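Peer 1: Build the 3D model from these lines:
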Amino acid sequence: MRLQNKVAIITGAASGIGKETAILFAQEGAIVIGTDIQQDLLTALEKEHSNIHGYVLNVTDRPAISSFVEEIKNKYGKIDILINNAGITSDALLIRMSEEAWDKVININLKGVFNMTQAVVQVMLSQGSGVVLTTSSVVGRYGNIGQTNYAATKAGVIGMTYSWAKEFGKKGIRFNAVAPGFIKTPMTEKLPQNVIEMMVEKTPLKKFGEPIDVARAFLFLASDDASFITGQVLGVDGGLVI
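Peer 2: Next up, the predicted model:
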């Protein structure tokens, strides 16, 4: 097993990509700490998988994050992996986007990654090792109509990933991002059917990806198989951006 006895924190673990990543990591031997704001879904996940431990946590709550990280460190003695996956959308054309929609997406998708990484990296620095992976998006690399806020956050986490890879490489901590295309998740289920058909047509593989496709990318980057990979963005998009 590629993650035997590794302690992995995964945000947004209750559904979609986060859930599949949590399950896969647990199957690969990791002790998975799954965080989310959806208590019922976390409880169900815990019942199904004994190696997954759910914690209700809002990535915008810095005091709660500090207490959470301290608790995990004290309980397990280390934190090997952080997957920054929690995120939302609140789409609108620029001239119709409210300040509230802008702030909410920025606070969760961008500042939330900053909050979690800043807290967890303190532990990784003390142990001289660690892996931090963040869910970006093809939208963060190439933009998308009606997603000014979402695109800004997903481009932002790429910039942070590059910066942190340079900042902490000599400390033994690796930083990478994964940029999914259109994946079958609760987020994409909200899309109109005509948009879904259009995106499938634009994708060379002619289908949406599955959450497990992204989870496998995270597994590779988190494992020792990727020990010489840092500061990279791995596209998991079926060729959408060729």
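Peer 1: Name the residues that touch the top helix by length along the chain?
Peer 2: In the chain, taking DSSP state H as the definition, the longest helix is helix 148-168. Residues outside helix 148-168 that contact it (C-beta atoms under 8 Å, 6 or more residues apart in numbering) are 84, 87, 89-91, 94, 97, 101-102, 105-106, 109-110, 113-114, 117, 121, 124-125, 132, 134-137, 139-141, 143-144, 173-177, 179, 230-231, 233. (Glycine included, C-beta is placed from N, CA and C.)
Peer 1: Please pick the buried ones from these.
Peer 2: Neighbour-count burial (16 or more other C-beta atoms under 10 Å) is assigned, among the contacts of helix 148-168, to 84, 87, 89-91, 97, 101-102, 105-106, 109-110, 113, 117, 121, 124, 132, 134-137, 139-141, 173-177, 179, 230, 233.
Peer 1: before we move on, the earlier item: how much distance is there from the helix or strand following the longest helix of the chain to the middle of the chain?
Peer 2: Going down the chain from helix 148-168, the next helix or strand is strand 173-180, by DSSP states H and E. Its chain's C-alpha centre lies 9 Å from the corresponding centre of strand 173-180 when counted by C-alpha atoms, centre = their mean, to the nearest Å.
Peer 1: Flag every buried residue along the very next helix or strand once past strand 173-180.
Peer 2: Downstream of strand 173-180, the first helix or strand assigned by DSSP H and E is helix 193-202. Neighbour-count burial for helix 193-202, counted by 16+ other C-beta under 10 Å, picks out Met199.
Peer 1: quick one: contacts of helix 193-202?
Peer 2: By C-beta under 8 Å, 6+ apart, the residues outside helix 193-202 that reach it are Phe182, Thr188, Leu191, Lys206, Lys207, Phe208, Leu240.
Peer 1: pLDDT for those - can I get that in TSV?
Peer 2: Shown next, in TSV, are the contacts of helix 193-202 (pLDDT from 0 to 100):
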residue	pLDDT
Phe182	88
Thr188	76
Leu191	72
Lys206	91
Lys207	89
Phe208	89
Leu240	87
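Peer 1: Can you add distance to Tyr76 and give these back as a markdown table?
Peer 2: Converted to a markdown table, the contacts of helix 193-202 look like this (distance: C-beta to C-beta, whole Å):
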| residue | distance to Tyr76 |
| --- | --- |
| Phe182 | 36 |
| Thr188 | 34 |
| Leu191 | 39 |
| Lys206 | 43 |
| Lys207 | 39 |
| Phe208 | 36 |
| Leu240 | 38 |
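Peer 1: For PyMOL, write the selection for the buried entries among the residues you listed.
Peer 2: What follows is the PyMOL syntax for the buried subset of the contacts of helix 193-202, where burial is set by 16+ other C-beta under 10 Å:
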select buried, resi 182+188+208+240
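Peer 1: Looking at the contacts of helix 193-202, which is nearest Val32?
Peer 2: For the contacts of helix 193-202, the residue nearest Val32 by C-beta to C-beta is Thr188; the value is 24.0 Å.
Peer 1: which ones are touching the closest one?
Peer 2: By C-beta under 8 Å, 6+ apart, the neighbours of Thr188 are Phe182, Ile196, Phe208.
Peer 1: Need the per-residue pLDDT for the most centrally placed residue in the chain.
Peer 2: The centroid of the chain falls nearest to Asn85 when counting by C-alpha atoms, centre = their mean (2.1 Å). Looking at Asn85, its pLDDT is 98.
Peer 1: My understanding was that it contacts Glu20; is that so?
Peer 2: No. The pair Asn85 / Glu20 is not scored as a contact, 10.2 Å apart, by C-beta atoms under 8 Å.
Peer 1: which stretches of the chain form strands?
Peer 2: Under the criterion DSSP state E, the chain carries strands at the ranges 7-11, 31-36, 52-56, 81-84, 130-135, 173-180, 232-236.
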